Structure formats: structure tokens, C-alpha cells
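Colleague: Quick one, what's the 3D model for this:
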Amino acid sequence: MNLLTNARDSLNQRYKGYHENKTVKLTCEQFNKQERKLIRITVEDHGDGIPERVHAKIFNPFFTTKSRDEGTGLGLAISHGIVKEHHGELTFETEEGSYTRFYLDLPVDNGWDMEEENDYV
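Modeller: Okay, here's the model as predicted:
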């Protein structure tokens, strides 16, 4: 939810009214990485992008580029923590003034040995 909210905010900042590029693209696909099956959810917007000077800070608690009345700086930090707890990865690519894509990768088996887990199903 946080990724969608951030995408919406970026679009609203760039485009004050209607614009054909004022959309959020949400995709989901399965892929393999290091012999593991993962699900990738991609959230893409064509807003302002993320300035390079803040790339290393965006997952830090309480870091925000928004004003105090618009954000706390906890959304991405909490999202990142939740994804890590589920043995996943949250990454992004961006071009300032053009787009941002967040990739939420989660293992299909959540890191468990499915042979052992099938005993409990």
C-alpha cells in the first residue's frame, strides 16, 4: 500500500491536473533467482523520480522528502522491514524527472524447506 501511495504522491506533485502519464503501473510476475522461485510485484510511476542524493537514505526510518504534515518517513522503512522478515527484497530504479520503479521480490516458499512443511499441510 505504501508503494502505491508514494507513486500517487509523486504523480500528483508532477501533474497538478489530468495528464495521460498520470498513472501507476502495477505488475506481478514469477521468476527464478539462484534456484528459488520468487514473485515480483513492480510499482511504476512517471512522476518526478527520486533524486540521487537521497538514494542511500530512502529506507532509513524517519527519512522523508515530504513536509512534516505529509509524511513521517516511516512508510518505506516499515515496508522494507516487512519484506526482509519474509525473506524478500525491496529495491528500486529511478531516473530523476522521468520515472520510478519499486521491485518487491518475495520467495514463493518464504525460505522454508517445502519437504518438511508438507507434513503440516
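
Colleague: from here on, contacts and neighbour counts on C-alpha atoms
Modeller: Noted.

Colleague: so how far does stretch 55-71 reach from one end to the other?
Modeller: Taking CA to CA, to the nearest Å, stretch 55-71 runs 17 Å from one end to the other.

Colleague: buried set for it?
Modeller: 58-59, 63-64 (16 or more other CA atoms under 10 Å).

Colleague: now, among these, which is nearest to residue 5?
Modeller: Ranked by distance to residue 5 (CA to CA), the buried residues of stretch 55-71 are led by residue 64 at 13.8 Å.

Colleague: So residue 24 is in contact with residue 44, correct?
Modeller: Yes. Here residue 24 reaches residue 44: they are 5.7 Å apart, a contact under CA atoms under 8 Å.

Colleague: Where does the prediction get shaky in the chain?
Modeller: Along the chain, the model assigns pLDDT under 70 to residues 110-121.

Colleague: The residue nearest the centre of it: what's it in contact with?
Modeller: For the chain, the residue sitting closest to the mean C-alpha position, by CA atoms, centre = their mean, is residue 102 at 3.8 Å. For residue 102, the contact set (CA atoms under 8 Å, 6 or more residues apart in numbering) comprises 3, 42-44, 90-93.
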